[in-house]
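S.K.: Build me a model from this:
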Amino acid sequence: MYPGARRSGAYDRVSTMFSPDGRLYQVEYASKIVEQGTLGVGLVYGSGVVFGADQNITSKLLNPRSIEKIFKIDMHIGAISSGLVGDARRLIQLARKEAQENRMYYEENIQVETLVKQVSGIKQLFTQYAGMRPFGVSFIIGGVDGTGPRLFETEPSGALAEYSAITIGKGKKEAMHFLEKQFREGLRFEEALALALNAVHKGSGENGKLDVNRLDFAFVEDGKAFERIPRQRLKSFLGKK
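M.R.: Below is the predicted model:
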């Protein structure tokens, strides 16, 4: 054993080194980056999935359209990222490639779960070899396929789980606590949108009215392609319970 290797700091030099208590510090550091990212919310309603994100505009000179939080992966699948935008963009590019190749090879849309497992597999790979660092990003990935509306979260470790409603980023605990109390199965689109807006409001920590200009929302529905929701439409839903 190298001198000083038992010091806790010696175990965070590479992502492949386990500490004596079974921790991968580099993966944990990547998760800390995700916790500092802006809030994202996803939830399933009767026939689709709603995505919502707080873009947290910090300057009046910043063009909100240049901030990427919600991504279209395929006509039937969307995603929200929290963490390093560069890492998110790279993984989204790979996810889009997987979706296109599936359609080309099998002449059908890729299953949401299949795509999520592909993305998670790439993330896990970067925790397994020296000279690589984990991706500092988590995703909410959702869509509609032959099995119905599906919604998943993927973490920097490569772990994934399916949810009816989930949040990521800064303010996650507050927003998730709100959803756990308010969410119910079989929501209509209007109810799901209002619930997602209120969850973003709870997690953002804003005491007053939430500024619609800092919001980015989209949805995927059975029989409809991925579509962004205009901010003008969001205004009518703000404040609804």
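
S.K.: part of a strand, is A175?
M.R.: No. Judged by DSSP: H, G, I helix; E, B strand; the rest coil, A175 forms no part of a strand; its state is helix.

S.K.: which residues of the chain score low on pLDDT?
M.R.: 1-11, 14-15, 206-208, 239-241 (pLDDT under 70).

S.K.: Contacts only, for the residue nearest to L215 when sequence neighbours are not counted.
M.R.: Of all residues not flanking L215 in the chain, L234 sits nearest, at 5.8 Å (CB to CB, 6 or more residues apart in numbering). Where you see a C-beta, it was placed from the backbone N, CA and C, and this is true even at glycine. Shown in contact with L234 (CB atoms under 8 Å, 6 or more residues apart in numbering): L193, L197, V212, L215, F217.

S.K.: The last one pairs with what?
M.R.: Here F217 shows beta-bridge partners G52, assigned using DSSP bridges.

S.K.: For K235, see how far away it is.
M.R.: Distance of F217 to K235, given as CB to CB, to the nearest Å: 11 Å.

S.K.: So these two - more neighbours on which side?
M.R.: The neighbour comparison of F217 against K235 (other CB atoms under 10 Å) goes to F217, with 23 against 11.

S.K.: Surely the more buried one is in contact with D54?
M.R.: No. When contacts are counted by CB atoms under 8 Å, F217 is not listed as touching D54 (10.3 Å).

S.K.: on that earlier part again, name the SS class of the residue nearest to L215, please.
M.R.: Applying three-state DSSP: L234 is helix.

S.K.: Now the terminal residues of stretch 164-177, how far apart.
M.R.: Start and end residues of stretch 164-177 are separated by 14 Å (CA to CA, to the nearest Å).

S.K.: my bad, stretch 161-172
M.R.: First-to-last residue span, stretch 161-172, CA to CA: 16 Å.

S.K.: And the contacts of it?
M.R.: 34-44, 54, 80, 82, 113, 138-140, 150-153, 175-176, 179, 183, 185, 199, 202-205.

S.K.: can you do 7 Å?
M.R.: For stretch 161-172, the surrounding residues in contact (CB atoms under 7 Å, 6 or more residues apart in numbering) are 34-44, 80, 82, 138, 140, 150-153, 175-176, 179, 183, 185, 199, 203-205.

S.K.: Which neighbouring elements make contact with the longest helix along the chain?
M.R.: Secondary structure of the chain per DSSP state H: the longest helix is helix 85-106. Helices and strands touching helix 85-106, by 3 or more CB pairs under 7 Å, 6 or more residues apart in numbering; DSSP states H and E, are strand 70-74, strand 77-83, helix 112-125, strand 137-145.

S.K.: Make JSON lines out of the ones you listed and add distance to E227 and mean neighbour count.
M.R.: Listed next are the helices and strands packed on helix 85-106 as JSON lines, based on distance: least, CB to CB, whole Å; neighbours: other CB atoms under 10 Å:
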{"stretch": "strand 70-74", "distance to E227": "9", "mean neighbour count": "22"}
{"stretch": "strand 77-83", "distance to E227": "9", "mean neighbour count": "26"}
{"stretch": "helix 112-125", "distance to E227": "17", "mean neighbour count": "19"}
{"stretch": "strand 137-145", "distance to E227": "12", "mean neighbour count": "27"}
